[in-house]
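Chemist: any chance you can model this:
(2 chains)
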Protein chains: 2
Amino acid sequence: MGTKGEMTRQKIIDDATGIFQRKGFGTTSVNDLLSISGVTKGSLYFHFPGKEALGIAVLKKEAETFMMFLDDVLIGETPAACLDNFFNAALRKHQGTGFVGGCLFGNTALEASDSSPVYARVVAEVFNEWTEKLRKIIAQAQALELMRQDMPAEQLAQTVIATIEGAIMQSRLHKSAEPMTRALKTLRIFLELKIDRSDNP
Amino acid sequence: MGTKGEMTRQKIIDDATGIFQRKGFGTTSVNDLLSISGVTKGSLYFHFPGKEALGIAVLKKEAETFMMFLDDVLIGETPAACLDNFFNAALRKHQGTGFVGGCLFGNTALEASDSSPVYARVVAEVFNEWTEKLRKIIAQAQALELMRQDMPAEQLAQTVIATIEGAIMQSRLHKSAEPMTRALKTLRIFLELKIDRSDNP
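Modeler: The predicted structure follows:
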């Protein structure tokens, strides 16, 4: 595919991202996609066999962006500081949108789990990768005794992600930072995360 | 309204519940509702001014059922046992559906938070009532030293609900009891819940 074709394809994906995020994959129609991107039906179907293929392309692009976000924010002097930075960044990310939109992967999980196995598979893969990234950092923090060690790192990683997804839901519902702030504060205590030097002799 | 009218109204609500749960409030059309309930458009609009009014009636009925469920399962010899029973019952409830459908209130929170303030208000009220029921039991368990006391009961109740909602999302996505089972097991440890007599001298 030539450069112009690739640019059109990217533009369709970019334009579709916002409307899929706002309306969900099920409710967004092909006509919505045509009117937002301004391309012809012929051009849309030239680049994507159908709405689902475009939806998957959007999800995969957003997944890449999210994995880069995780790598960018899981940084710090210690593994415990990495986790703490990630918590702060997750809050800032959603605060930055005024708690509108939420987590595309969480939204799609609830929308697609029962009805769209193709979407569900991509979203499950995103959650698996996210879990693995947290699991590694948690295992490192445990090895350095910078957090509790009485549960496997994978179990803790999965529970952290569940809590964050539920807290995003509550912050979106109330359009308030409080549910996320409170859940993250509680998680830090639950995990016995040693971040300050004073905690970390 | 006479008995027959009331029965028709209830039947419309009951028939609408399943399709709203499966398809969401946004995607379900008036035609879907007519074909599933078998009533005429005139009858539907006689009982409900529109789809949203029917949706709210369904949400309120489901909220009543959920509050009765909570009262039924938040029982036990001690407040800690009440919480443990609730955790077990929540898992059984979703296991019973094969992790299809999930939590109507969580689904509606994600669907309606940004777009349908009327739905969002009803769902926020459900979460507030749920939080209050857990807060009371947690405060009692804390007073009896049957769980950790270093955080306010309300903060713990909100975090428990966030974790459960996120875990339901993951169990639905993977069609597996494992995410819920694991999150609830982790919560019991995080909360330092003393359930067994051996823990509770």
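
Chemist: in the top helix by length along chain A, what's buried?
Modeler: Determined from DSSP state H, the single longest helix within chain A is helix A:117-143. With burial defined by 16 or more other Cβ atoms under 10 Å in any protein chain shown, the residues of helix A:117-143 counted as buried are A:119-120, A:122-124, A:126-127, A:130-131, A:133-142. All C-beta spots, glycine's among them, are computed from the backbone N, C-alpha and C.

Chemist: same check, this time on stretch A:102-118
Modeler: Of the residues in stretch A:102-118, those buried (16+ other Cβ under 10 Å) are A:102-114, A:116.

Chemist: can you list the residues you listed in a markdown table and add pLDDT?
Modeler: Listed next are these as a markdown table, based on pLDDT from 0 to 100:
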| residue | pLDDT |
| --- | --- |
| A:102 | 89 |
| A:103 | 92 |
| A:104 | 92 |
| A:105 | 94 |
| A:106 | 93 |
| A:107 | 91 |
| A:108 | 92 |
| A:109 | 91 |
| A:110 | 88 |
| A:111 | 87 |
| A:112 | 88 |
| A:113 | 88 |
| A:114 | 87 |
| A:116 | 90 |
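
Chemist: and the helices in chain A?
Modeler: A:3-27, A:30-37, A:41-47, A:51-73, A:79-96, A:104-112, A:117-143, A:153-174, A:178-191.

Chemist: and the longest one, what does it pack onto?
Modeler: This means helix A:117-143. helix A:51-73, helix A:79-96, helix A:104-112, helix A:153-174, helix B:153-174 (3 or more Cβ pairs under 8 Å, 6 or more residues apart in numbering or on different chains; DSSP states H and E).

Chemist: the fourth one near chain B anywhere?
Modeler: Yes - applying Cβ under 8 Å from any Cβ of the partner chain, one finds helix A:153-174 touching chain B at A:155-156, A:158-159, A:161-167, A:169-170, A:172-174.

Chemist: pick the one among those residues closest to residue A:183.
Modeler: Nearest to residue A:183, judged by Cβ to Cβ, of the residues of helix A:153-174 next to chain B is residue A:167 at 3.6 Å.

Chemist: spatially, what comes nearest to residue A:183 if we skip its sequence neighbours?
Modeler: residue A:167 (3.6 Å; Cβ to Cβ, 6 or more residues apart in numbering or on different chains).

Chemist: please apply the same query to residue A:24.
Modeler: Residue A:24 sits nearest to residue A:111 (Cβ to Cβ, 6+ apart), 5.1 Å away.

Chemist: look up how far residue B:45 lies from the one you found.
Modeler: Taking Cβ to Cβ, to the nearest Å as the measure, residue A:111 falls 28 Å from residue B:45.

Chemist: and for residue A:20?
Modeler: Counting by Cβ to Cβ, the gap from residue A:20 to residue B:45 is 32 Å.

Chemist: those two - which one has more neighbours?
Modeler: Set side by side, residue A:20 and residue B:45 show more neighbours around residue A:20, with 25 against 15, by other Cβ atoms under 10 Å in any protein chain shown.

Chemist: how about low-confidence regions in chain A?
Modeler: For chain A, residues meeting the criterion pLDDT under 70 lie at A:1-2, A:197-201.

Chemist: 90 - rerun?
Modeler: The model of chain A has pLDDT under 90 over residues A:1-6, A:18-19, A:21-27, A:37-38, A:101-102, A:110-115, A:196-201.

Chemist: still on that earlier bit, tell me the angle the longest helix of chain A makes with helix A:153-174.
Modeler: 120 degrees (axes from the mean of the first three to the mean of the last three Cα atoms, to 10 degrees).

Chemist: chain center to helix A:117-143, what's the gap?
Modeler: 11 Å (Cα atoms, centre = their mean, to the nearest Å).

Chemist: also stretch A:169-183?
Modeler: 16 Å.

Chemist: what are the buried residues along it?
Modeler: So, applying 16+ other Cβ under 10 Å, buried residues of stretch A:169-183: A:169, A:170, A:171, A:172, A:173, A:174, A:179, A:180, A:182, A:183.

Chemist: and what of stretch A:74-81?
Modeler: Under the neighbour-count criterion of 16+ other Cβ under 10 Å, stretch A:74-81 has A:74, A:78, A:79, A:80, A:81 buried.

Chemist: now do the same end-to-end measure for that stretch.
Modeler: With Cα to Cα, to the nearest Å as the measure, stretch A:74-81 spans 8 Å from end to end.

Chemist: would you check that residue A:191 makes contact with residue A:149?
Modeler: No - in this structure, residue A:191 is not within contact of residue A:149 by Cβ atoms under 8 Å, at 10.6 Å.

Chemist: which of the two has more neighbours?
Modeler: Applying other Cβ under 10 Å to residue A:191 and residue A:149 shows that residue A:191 carries more neighbours, namely 23 against 16.

Chemist: quick one: contacts for that one?
Modeler: By Cβ atoms under 8 Å, 6 or more residues apart in numbering or on different chains, the residues touching residue A:191 are A:83, A:147, A:148, A:156, A:160.

Chemist: could you measure from it over to residue B:34?
Modeler: Residue A:191 is 51 Å from residue B:34, by Cβ to Cβ.

Chemist: if we can go back for a sec, ok, the residue nearest to residue A:183 touching residue B:162?
Modeler: Yes - look at residue A:167 against residue B:162 with Cβ under 8 Å: they come within range, at 4.3 Å.

Chemist: shared neighbours, the two?
Modeler: Taking Cβ under 8 Å, 6+ apart as the criterion, residue A:167 and residue B:162 both touch A:179, A:183.
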